[in-house]
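Asker: Could you look at this predicted model? Sequence included:
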Amino acid sequence: LRATTSYLKQRLKLLEGSESSKERTTEDEAQLVGFLRRLRADGFEYSRMLLLLFWKIVGSAIRARKEAGLATAEAATARDRLQELETAKNELAHTHAHEIDTLKKRHRRELRKISEEMMTNNSEAELRKEIAEMAVRGRDAEIARLRNDMARQWKRCWATDTERFESLRDDAQGLRI
């Protein structure tokens with residue numbers, strides 16, 4: 001009985017040491033059940049110490065299973081949380097990529113608009129230059145036309161004045177005679 005008790009205590013320590021591993025716990029339980037069946041077959045069925053150790057081992061196995069279940073649940077929770085974080089990270093990356101694309105498009109539109117404005121401004125500047133040149137040419141033409149008109153009028157006036165002067169001279173000479 002002492003040998004059996006020390007063996008069971010040793011098995012209990014092993015079992016408690018393997019609480020985190022479900023496979024080892026199940027293996028240990030199977031070995032203990034087999035060992036207890038042999039002990040019962042050998043007549044140690046009613047030993048109080050043996051029953052106490054048996055229930056300690058069973059309690060330890062139950063605790064180990066519960067802890068393994070909790071550890072599995074915690075691992076599942078951690079895995080779910082990690083998956084949520086990955087999803088959030090991917091969504092954030094997608095959002096940032098979308099914002100970057102939007103900014104690039106807006107930048108391209110603004111550059112195109114600025115380029116068009118510059119072209120328009122260049123066109124307007126060229127148009128203003130042409131208008132100014134046309135105005136200068138127009139003024140030159142107007143000045144030339146005015147000079148011609150003035151020359152014609154001066155000639156007409158000169159001719160008229162000359163005729164009048166000659167007529168007056170003739171009249172004056174006629175009076176002297």
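Answerer: Received, thanks.

Asker: what about the helix or strand harbouring Gly174, average pLDDT?
Answerer: Taking DSSP states H and E as the criterion, Gly174 maps to helix 48-176. On average, the pLDDT along helix 48-176 is 80.

Asker: elements contacting it?
Answerer: helix 2-17, helix 22-41 (3 or more C-beta pairs under 8 Å, 6 or more residues apart in numbering; DSSP states H and E). Placement of C-beta: from N, CA and C, glycine included.

Asker: Where among those helices is average confidence lowest?
Answerer: Taking each of these in turn, the lowest mean pLDDT turns up on helix 2-17, with a mean of 60.

Asker: buried ones in stretch 69-89?
Answerer: For stretch 69-89, a neighbour-count test (16 or more other C-beta atoms under 10 Å) marks nothing as buried.

Asker: Please read the previous query as pertaining to stretch 108-118.
Answerer: Taking 16+ other C-beta under 10 Å as the criterion, stretch 108-118 shows none as buried.

Asker: any idea how far Asp161 is from Asp171?
Answerer: 15 Å (C-beta to C-beta, to the nearest Å).

Asker: With Asn90 instead?
Answerer: Going from Asn90 to Asp161 by C-beta to C-beta gives 102 Å.
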